[in-house]
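[1] need the 3D shape of this:
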Amino acid sequence: MFYKWDTNLNKNIKIVPIFIIEYMDPIVLAYLIMGDGNWDKGRNRVRIYTNSFTKEEVTSLSIAINSKLNIYTGVLHDRKDQ
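    Below you'll find the model as predicted:
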């Protein structure tokens, strides 16, 4: 569900499923954090690194976390091309 075959790259790429809001629960969020997250001690926040996702995918992930788990989220552009 979180991967699709990219014929141009000839490999699977990580994606955010189109209907992530239907699947979002504490366990899905925990897996995201364990795989791609960290604790930002300086800013007292959890970050999920979404470098391989499109802006639309990151936005839908943010909306899903906020609306299904009532956790404030922010989408920030960190670096060029990420």
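
[2] mind naming the longest helix for this protein?
    helix 55-69 (DSSP state H).

[3] mean confidence score for that helix?
    When pLDDT is averaged along helix 55-69, the result is 95.

[4] elements contacting that helix?
    Packed against helix 55-69 by the contact rule (3 or more C-beta pairs under 8 Å, 6 or more residues apart in numbering; DSSP states H and E) you find helix 20-23, helix 26-36. The C-beta positions use only the backbone N, C-alpha and C, and glycine is treated the same way.

[5] turn the ones you listed into TSV, including mean neighbour count.
    Shown next, in TSV, are these (neighbours: other C-beta atoms under 10 Å):
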stretch	mean neighbour count
helix 20-23	15
helix 26-36	13
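
[6] which of these sits closest to Ile13?
    helix 26-36 (13.8 Å; C-beta to C-beta).

[7] quick one: average pLDDT of that closest one?
    Averaged across helix 26-36, pLDDT comes to 94.

[8] helices and strands around the helix or strand that it is followed by, which ones?
    Next helix or strand after helix 26-36 toward the C-terminus (DSSP states H and E): strand 37-40. Other helices and strands packing on strand 37-40, by 3+ C-beta pairs under 8 Å, 6+ apart, are strand 45-48.
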